[in-house]
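S.K.: structure for this input, please:
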Amino acid sequence: MKRSFIVAALLLFASAAQADLLDSWRKAKSVLDRGLAAMGGVDALRSKKQVSMTFTGTEWRVGQSADPEKPLDTVPTDGRIYLDSEKQRGLVESSQRYVPDYEFRGRTVFDGANAWNMNVSWHTAFPVQNVPQQFRTTLRGRPHHLLLFASERANTLRYLGNEDGHDVIVFADTDGSQNTLHFDSAHMLRKVVTFFSDPIRGDVLAETTYPEYRAIDGVQMPVRMVRRENGVVVRDLAFTGIKFNTPIAEADLKVPEGWGPPAGGEQKVTKVGEGVWTLEMPDPTMMFAEADGGVYIIEGASQDAAFAERVIAKVRETLPGKEIKGVVMTHWHHDHSGGVRAYIAAGIPIITTPSNVKWIQRAATEGKRTIAPDALARAPKAPVVQTFEGRKRIGNFELVELTKTPHVDSILVAWFPKEKVLFQSDLVIMPREREMNMSPVLSRWLEGELKRLKLVPETIVGYHGRSIRRDELTRLAATPGA
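M.R.: Residues are numbered from 1 along each chain as shown. Next up, the predicted model:
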């Protein structure tokens, strides 16, 4: 009798849970249907096979500002978008200006089964992996495609409730991503919430809001977009010139002749002196040197933890049995420090300037990492940080602090006097693929600093781009707008 009662109770509970789930789905489906109608209707949205637009706005420099302890710097941005959902073709191009005068223009092109990420400034192109999913992710950035995807995935819809007057629903797309949609009282999509993993910040809550729409050819299209990450505004864009079902020049969807991955192969270790090597990945380039019975890696904490682990493995392969005594972090920008957690997890000291200590501590301890847990998340430990100001001698090389640069408040260079080699990050950027100086302002500034410090290198190794001779720097510094 008792057992029968328990079974009956469990069946009743399961039935109630299924009823709640069905009710949640029905509410979510109703909210989505009203949202599709408000945007113009399913038939109208599906008829817009191609969409093109331009944009202008502001970006907040996450991981690229002058000082990690101050509010984010802002830079202007502009670009264009063309997407053909029927033929899986498209283009997304944007331009940002880095401090002080380095302009980066990137372009992603989709052409059926093939796609490329291009650095227009450098004339390089890299093939995109998992093209169908990457194209679908790009389409999700346009609200009318996003709602159509939600309709296609209607079996995953759930109603989450009403928040600040907005009906909130969620659906899971084909890649498993959870997309939370907020609709206002007029049934317009106003906010999209997603999550992603960042090498430094960990799990990031991304909120994209659409405060303004405009009717274009029978469809409501957003003309402004604001993106927040963990509550901080990182992008504010205005869209203009929105057109549907217009062709794009075929040349815009092709990789220009001669463009490809940076020259140099996958990895290249070059001995530049006794106990001194460069490591090309191929871009960026790092250095490592023997000292104090072990080895020190210069700028090896870059990109992300997986990249940093490859650097560590290559150094250990080159110098088996040598203890890694430390990694030099020249400055805090994320492309130079995104792999710092791999060194913390390995117990390897980080050598840098005092201005970066709080940032390293935050990178080690702040932010949850449930999406992509790394070695440090699985076995937390405190970072070992060694700081100095001015100059620091390590074996046969010297670290020199440069302050109040036009690029960042504090940065390190490494000077190898016997080899007459200077390693620097971001102060001179000369692409391997073309003859151009990415930052004339920084080149002239570095020339002045070398004279002040009485450093006379014959070769200047760059983290980005190719190495240059000392006389090349002198020529660049003397050439206005070079």
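S.K.: how about the strands in the stretch 51-200 of the chain?
M.R.: 74-84, 89-98, 102-111, 114-119, 124-127, 158-163, 166-172, 178-183, 189-198 (DSSP state E, counting those that start in this stretch).
S.K.: tell me the angle of the helix or strand just after the last one relative to strand 189-198?
M.R.: In this case it means strand 189-198. Downstream of strand 189-198, the first helix or strand assigned by DSSP states H and E is strand 202-216. On the basis of axes from the mean of the first three to the mean of the last three CA atoms, to 10 degrees, strand 202-216 is oriented at 150 degrees to strand 189-198.
S.K.: strand 202-216 pairs with which strands?
M.R.: strand 189-198 (antiparallel), strand 219-229 (antiparallel) (DSSP bridges).
S.K.: nearest to residue 161, out of those?
M.R.: Comparing those by their distance to residue 161 (CB to CB), the top pick is strand 189-198, with 13.5 Å. Using the backbone N, CA and C atoms, a C-beta is placed for each residue, glycine as well.
S.K.: tell me how far that closest one is from the chain's mean position?
M.R.: The chain centre lies 16 Å from the centre of strand 189-198; the measure is CA atoms, centre = their mean, to the nearest Å.
S.K.: which residues touch that strand?
M.R.: Strand 189-198 is contacted from outside by 35, 39, 143, 146-147, 166, 177-184, 203-211, 367, 369, 371-372, using CB atoms under 8 Å, 6 or more residues apart in numbering.
S.K.: whichever of the residues you listed end up buried, select them in PyMOL.
M.R.: To isolate the buried members of those in PyMOL, using 16 or more other CB atoms under 10 Å:
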select buried, resi 35+39+143+146+147+166+179+180+181+182+183+184+203+204+207+208+209+210+367+369
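S.K.: about what we covered before: so can I have JSON lines of the strands paired with strand 202-216 showing distance to residue 85 and mean pLDDT?
M.R.: Formatted as JSON lines, the strands paired with strand 202-216 follow (distance: least, CB to CB, whole Å; pLDDT from 0 to 100):
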{"stretch": "strand 189-198", "distance to residue 85": "18", "mean pLDDT": "97"}
{"stretch": "strand 219-229", "distance to residue 85": "13", "mean pLDDT": "98"}
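S.K.: right, and these - which one's nearest residue 94?
M.R.: For the strands paired with strand 202-216, the distance to residue 94 is smallest for strand 219-229, at 13.0 Å, taking CB to CB.
S.K.: following element in sequence after that closest one, please.
M.R.: Toward the C-terminal end, the helix or strand that comes next after strand 219-229 (DSSP H and E) is strand 232-244.
S.K.: buried residues in that following strand?
M.R.: 233-237, 239, 242, 244.
S.K.: for residue 334, state which of those is nearest.
M.R.: Nearest to residue 334 among the buried residues of strand 232-244, counting by CB to CB, is residue 234 at 12.9 Å.
S.K.: which residues in this structure form helices?
M.R.: Using DSSP state H, the helices found in the chain span residues 2-39, 42-47, 131-140, 143-152, 305-318, 334-337, 340-345, 357-365, 375-378, 440-453, 470-478.
S.K.: so which of those is the most packed in?
M.R.: Most buried of the helices of the chain by mean neighbour count (mean count of other CB atoms under 10 Å) is helix 340-345; its value is a mean of 27.
S.K.: what helices or strands is that one leaning on?
M.R.: Taking 3 or more CB pairs under 8 Å, 6 or more residues apart in numbering; DSSP states H and E as contact, the helices and strands that helix 340-345 lies on are helix 305-318, strand 350-352, helix 357-365, helix 375-378.
S.K.: any idea which of those gets closest to residue 431?
M.R.: When the helices and strands packed on helix 340-345 are ranked by distance to residue 431, counting by CB to CB, first place goes to helix 305-318 at 20.2 Å.
S.K.: could you list the residues in contact with the closest one?
M.R.: By CB under 8 Å, 6+ apart, helix 305-318 touches 199, 267, 269, 277, 279, 281, 286, 288, 295, 297, 300-302, 322, 324, 338-343, 345-346, 348, 374-376.
S.K.: please apply the same query to stretch 23-34.
M.R.: With contacts defined as CB under 8 Å, 6+ apart, stretch 23-34 is touched by 147, 150-151, 154-155, 157-159, 167, 169-171, 181, 183, 187.
S.K.: let's see 6 Å
M.R.: When contacts are defined by CB atoms under 6 Å, 6 or more residues apart in numbering, stretch 23-34 is touched by residues 150, 157-159, 167, 169, 183, 187.
S.K.: flag the shaky bits of the stretch 301-450 of the chain, pLDDT-wise.
M.R.: Applying pLDDT under 70 to the stretch 301-450 of the chain picks out residues 433.
S.K.: tabulate the helices of the chain (JSON lines), appending distance to residue 257.
M.R.: Shown next, in JSON lines, are those (distance: least, CB to CB, whole Å):
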{"stretch": "helix 2-39", "distance to residue 257": "41"}
{"stretch": "helix 42-47", "distance to residue 257": "36"}
{"stretch": "helix 131-140", "distance to residue 257": "22"}
{"stretch": "helix 143-152", "distance to residue 257": "32"}
{"stretch": "helix 305-318", "distance to residue 257": "30"}
{"stretch": "helix 334-337", "distance to residue 257": "28"}
{"stretch": "helix 340-345", "distance to residue 257": "38"}
{"stretch": "helix 357-365", "distance to residue 257": "42"}
{"stretch": "helix 375-378", "distance to residue 257": "43"}
{"stretch": "helix 440-453", "distance to residue 257": "28"}
{"stretch": "helix 470-478", "distance to residue 257": "27"}
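S.K.: excluding its backbone neighbours, what's nearest residue 348?
M.R.: In this structure, residue 348 finds its nearest non-sequential neighbour in residue 324, 5.2 Å apart by CB to CB, 6 or more residues apart in numbering.
S.K.: what does residue 467 give?
M.R.: Residue nearest to residue 467 in three dimensions, not counting chain neighbours: residue 461, with 4.8 Å by CB to CB, 6+ apart.
S.K.: likewise residue 385?
M.R.: residue 350 (5.1 Å).
S.K.: so what's that neighbour bridging to?
M.R.: Under DSSP bridges, the beta-bridge partners of residue 350 are residue 327, residue 385.
S.K.: gap between it and residue 70?
M.R.: Distance of residue 350 to residue 70, given as CB to CB, to the nearest Å: 21 Å.
S.K.: comparing those two, which residue is more hemmed in?
M.R.: Using other CB atoms under 10 Å as the criterion, residue 350 and residue 70 rank with residue 350 on top: 23 against 9.
S.K.: can you redo the strands of the stretch 51-200 of the chain as TSV with distance to residue 328?
M.R.: Formatted as TSV, the strands of the stretch 51-200 of the chain follow (distance: least, CB to CB, whole Å):
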stretch	distance to residue 328
strand 74-84	28
strand 89-98	22
strand 102-111	22
strand 114-119	26
strand 124-127	27
strand 158-163	47
strand 166-172	43
strand 178-183	40
strand 189-198	23
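S.K.: closest one to residue 248 among these?
M.R.: For residue 248, the closest of those is strand 74-84, at 4.8 Å, according to CB to CB.
S.K.: and that closest one, what's buried?
M.R.: By 16+ other CB under 10 Å, the buried positions in strand 74-84 come out as 75, 77, 79-84.
S.K.: tell me the one of these nearest residue 45?
M.R.: Of those, the one sitting nearest to residue 45 (CB to CB) turns out to be residue 83, at 13.2 Å.
S.K.: and the nearest residue in space to the closest one that is not next to it in sequence, bridged to which residues?
M.R.: Once flanking residues are discounted, residue 83 sits nearest to residue 90: 4.1 Å by CB to CB, 6+ apart. Beta-bridge partners of residue 90, counted by DSSP bridges, are residue 83, residue 110.
S.K.: thank you kindly, that will do.
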